[in-house]
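S.K.: kindly generate the corresponding structure for this input.
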Amino acid sequence: MSKFFYNDKPIVGLDISSTGIKLMSVDPKKWLVHGYGSVDLDPTRMREGLENENSTFLADSLKELMSSNIVGSLLSNRVAIALPTSRTYTRTFTLPSSAEKSLDEAVMLEVEQYIPIPVSTLYIDYQVIERDRKTIVVLMSAVSRTIVDNVTRNVKAAGLLPVLIEPSINSVGRVLTATEDGTLPTVVVDIGPAGTDIAILDRGSIRVTSGVTIGGNSFTLDIAKKLNIALENAHQLKVLNGLNAGPRQQKLREALSPSLERILTETKKVMRYYTERVNPDRKLEQLLIVGGGSNVPGIGEYFTENLIIAARVASPWQQLDFGKIEEPPKQVRPRYITVAGAASITPGGIWK
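M.R.: Numbering: from 1, shown residues only. Below you'll find the model as predicted:
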């Protein structure tokens, strides 16, 4: 598509995760939400929808969501799509300024060296995010052609027009940059239902990404097994008591510690990689916890104690104005941060 033919129409965010889909329509100038909705879906069917070229599951689910589960209204059929970060590859690297003349070749060399699947099976995009007299910093993202092709086919079949596809952590980074001073070197821990994405956000760009297959659902299962209680009761203990002081604190900490330790270990690796390999001159200033699995009381203090960095659960919701439409219940609002980020890109921003 050429910019010459570009029409400045609203963009709707579409978050496709491993456990469901979400839509949100936002006026990015006012951060006014016009409509939103979500549906939880079977992870096995979602994986099939991403990987099987004959599957119509995503299209069928999108149609159902739009017809029966939208609060407010969607201003457009043009969608910016956030894909699971775990299904993408993102890398930042520094090159001499002279390499900009043959940047395509330099990027391909990086891809071949660091991504463990053939280049021919990937869609690859990149941009120069910093430059000085001697060097340039390049941000590269890649994703399976099969996944992109299947998603775009299903999205079009549902009557929507894809205009942008990005890793979900980039969408999260857009919200945090606008609401939580994401220009600072920031560790982002995005805890979803089935997995946790970990990234470094600096000067408005995602620099490093990683993740683990531990999420909010893992916390609930851990508590249920440790205390020998039903999942519903375990969920209540997780969101009401969590890691805070109380009569069950020791048992809850013992239950949650193995999963939290795995997230901590991977977070330490990402922090060390950024500090030693990406930008030794920039000190990491803060750690922000987001996502549906961040609703564990005391989790910010837990990360602060164990990583010796100021950590807290981010609350970008004061930036979003739901106007006259009903807001999502407080306990599920963190689930919408990714789709809010995808929805908040300005229409002209897709050309930058």
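S.K.: which intervals of the stretch 51-200 of the chain have sub-threshold pLDDT?
M.R.: By pLDDT under 70, the stretch 51-200 of the chain has no low-scoring segment.
S.K.: same thing but 90
M.R.: Applying pLDDT under 90 to the stretch 51-200 of the chain flags the ranges 91-93, 114, 178-184.
S.K.: how about the strands in it?
M.R.: Along the stretch 51-200 of the chain, the stretches classed as strands by DSSP state E, counting those that start in this stretch are 71-72, 78-83, 88-96, 122-131, 135-144, 161-167, 186-191, 196-202.
S.K.: ditto for the stretch 251-352 of the chain
M.R.: 286-290, 311-313.
S.K.: tell me the buried residues in the longest one?
M.R.: Residues of strand 286-290 classed as buried: 286-290 (neighbour count, 16 or more other C-beta atoms under 10 Å). Backbone N, C-alpha and C define where each C-beta goes, glycine included.
S.K.: now the helices for the stretch 151-300 of the chain?
M.R.: 168-179, 216-227, 231-240, 249-273, 299-307 (DSSP state H, counting those that start in this stretch).
S.K.: and the strands of the stretch 251-352 of the chain as JSON lines, adding distance to K9 and mean pLDDT?
M.R.: Output for these, formatted as JSON lines (distance: least, C-beta to C-beta, whole Å; pLDDT from 0 to 100):
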{"stretch": "strand 286-290", "distance to K9": "29", "mean pLDDT": "97"}
{"stretch": "strand 311-313", "distance to K9": "35", "mean pLDDT": "96"}
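S.K.: might you report the residue contacts of L160?
M.R.: 12, 14, 62, 77-79 (C-beta atoms under 8 Å, 6 or more residues apart in numbering).
S.K.: most neighbours among these, which one?
M.R.: L14 (27 neighbours; other C-beta atoms under 10 Å).
S.K.: now do the phi/psi pair for the residue lying closest to N217 once chain neighbours are set aside.
M.R.: Using C-beta to C-beta, 6 or more residues apart in numbering and skipping residues adjacent in sequence, the residue nearest N217 is P193, 4.9 Å away. The phi and psi values for P193, taken as degrees, to the nearest 10, are phi -60, psi -40.
S.K.: tell me which residues touch P193, please.
M.R.: 17-19, 215-217, 292-293.
S.K.: over to the spatially most distant residue from the centre of the chain: give its phi and psi.
M.R.: The centre of the chain is farthest from one residue, P247, which by C-alpha atoms, centre = their mean lies 34.8 Å away. Geometry field for P247 lists phi and psi as phi -60, psi -20, criterion degrees, to the nearest 10.
S.K.: next one: G195
M.R.: Dihedral angles for G195 - degrees, to the nearest 10 - are phi -160, psi 170.
S.K.: run a quick neighbour tally on it.
M.R.: 23.
S.K.: and it, how far from I115?
M.R.: Going from G195 to I115 by C-beta to C-beta, to the nearest Å gives 19 Å.
S.K.: A230: which of the contacts of L160 is nearest?
M.R.: The closest of these to A230 turns out to be L62 (C-beta to C-beta; 32.8 Å).
S.K.: can you give me phi and psi for P84?
M.R.: Torsion angles, degrees, to the nearest 10, at P84: phi -60, psi 130.
S.K.: and K63, how far is that from G72?
M.R.: Applying C-beta to C-beta to K63 and G72 gives a distance of 18 Å.
S.K.: before we move on, the earlier item: now tabulate the strands of the stretch 51-200 of the chain in CSV and tack on distance to R333.
M.R.: Listed next are those as CSV, based on distance: least, C-beta to C-beta, whole Å:
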stretch, distance to R333
strand 71-72, 13
strand 78-83, 17
strand 88-96, 25
strand 122-131, 30
strand 135-144, 27
strand 161-167, 22
strand 186-191, 14
strand 196-202, 18
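S.K.: for L109, which of those strands is the nearest?
M.R.: strand 88-96 (9.9 Å).
S.K.: ok so, going back, for N170, find the nearest of the strands of the stretch 251-352 of the chain.
M.R.: Among those, strand 286-290 sits nearest to N170 (C-beta to C-beta), with 13.2 Å.
S.K.: next, count neighbours for the nearest residue to R87 once chain neighbours are set aside.
M.R.: The shortest distance from R87 to any non-neighbouring residue, by C-beta to C-beta, 6+ apart, is to I147 (5.9 Å). A count of neighbours around I147, defined by other C-beta under 10 Å, yields 20.
S.K.: do L164 as well
M.R.: Neighbours around L164, by other C-beta under 10 Å: 20.
S.K.: who touches it in this structure?
M.R.: 11, 80-81, 342, 345, 350.
S.K.: which of the residues you listed sits closest to S98?
M.R.: Nearest to S98 out of the contacts of L164 is I350 (C-beta to C-beta; 29.5 Å).
S.K.: returning to what we had before: isn't the residue nearest to R87 right up against I81?
M.R.: No. Between I147 and I81 there is no contact under C-beta atoms under 8 Å: 10.7 Å.
S.K.: out of the helices of the stretch 151-300 of the chain, deepest packed?
M.R.: helix 168-179 (a mean of 25; mean count of other C-beta atoms under 10 Å).
S.K.: what does it contact?
M.R.: For helix 168-179, contacts defined as C-beta under 8 Å, 6+ apart pick out 13, 15, 17, 31, 80, 82-85, 90, 141, 182-183, 186, 188, 190, 197, 199, 201, 204-206, 209, 288, 290-291, 314, 316, 318-319, 337-342, 344-345.
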